[in-house]
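1. The sequence and its predicted three-dimensional model are supplied below.
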Amino acid sequence: MKKLILTLCCLAIMVPNSWDLFGQDRHTALYSYTERNAMTGRVTNDIIRLNSEKGYFSCVSENTYQKDLVQDSLVQTGLDPYTIVAMTRDMARGQRTRIFTDLAGNTRTVYEFPMTQIHYEEPLPVVTWELSDEVKEVNGIPSKQARGKLYGREWIVSYATDIPLPVGPWKLTGLPGLVTEAVTTDSLYHFTLISFALTPDDERPIIPSPSAPATPSKKQSKKEVLNALHQCATNNRAWLKKIYPVSSQPEETPEDLRRMALARKSYQYIERAE
């Protein structure tokens, strides 16, 4: 914790309070992420990596990022895919969503992986943040408070004006400082900053790219992508039949139908219809 605070103090001294100047360097922020299902109470945990790259921000699961690094290094050794999967099976799993935000271009590209990679583009939303003078410390970082509604959920957000990056994890943007904590008013989604530092020069940037050269990501409308996520989570057999219509699949058993009915009732996504 002391190391994090020292890093922030040094950055505040060395860098003027300007996004343009601050953005000349690459930075990495890591957040703990907790999601609680409103129906089942099941809790899902992950670590989210927010990178400031040259001209854009990337937001990915740190667990998925680290697993991909290991798998990529194993591919270079010539091992077959099945062996690589077996060797990395016990590594922590993270969500597959990848988000790329271009503040200058006012656009965002989101890659999802229900079963094959698809993506959509959207303009950055205009969030009317209600700013407060209240200050709290988040992991030792003085942070101001704000409240706003984004994609159907209301968020209570803490942000650090000493770090003039107007972004945060997921799709949280538009505040005069880096988001240090964000929680929905229903307490179902919660992000907390756990570290912030300069990105090592030898660390490769996270860029939008297909999952594999042979299977490039397909661009769809946001509605189509969100529908695909819902269908895959609640009735993956139907989704498989849509992707592979010539494949033969057994009929659903009563247990399959029961499981799908429960999945439909408990399905939850961070965005919801307003």
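-> Done, it's in.
2. Count the neighbours of Leu165 for me.
-> Neighbourhood size, Leu165 [other C-beta atoms under 10 Å]: 23. For every residue, glycine as well, the C-beta is placed using N, CA and C.
3. Next: Met91.
-> The number of residues packed near Met91 is 14, by other C-beta under 10 Å.
4. any low-confidence regions in the stretch 151-274 of the chain?
-> For the stretch 151-274 of the chain, the stretches with pLDDT under 70 are 210-214, 236-250, 257, 274.
5. Quick check: Cys232 is in a helix.
-> Yes: under DSSP: H, G, I helix; E, B strand; the rest coil, Cys232 falls within a helix.
6. gap between it and Ser158?
-> In this view, Cys232 and Ser158 are 34 Å apart by C-beta to C-beta, to the nearest Å.
7. the more surrounded of the two?
-> A direct count of neighbours by other C-beta under 10 Å for Cys232 and Ser158 places Ser158 higher, at 28 against 19.
8. Go ahead and confirm Thr28 touches Ala197.
-> Yes: using C-beta atoms under 8 Å, Thr28 is in contact with Ala197, at 6.1 Å.
9. Who has more neighbours out of the two?
-> Thr28 (18 against 14).
10. confidence score at the more buried one?
-> For Thr28, the pLDDT comes out at 96.
11. residue contacts, it?
-> Contacts for Thr28 (C-beta atoms under 8 Å, 6 or more residues apart in numbering) come out as Arg49, Leu50, Asn51, Ser52, Ser195, Phe196, Ala197, Leu198, Thr199, Glu203.
12. cool, Asn45 as well?
-> By C-beta under 8 Å, 6+ apart, the neighbours of Asn45 are Ser32, Tyr33, Thr34, Glu35.
13. Quick check: which element contains the third one?
-> Looking back up the chat, that one is Thr34. If you go by DSSP states H and E, Thr34 is part of strand 27-36.
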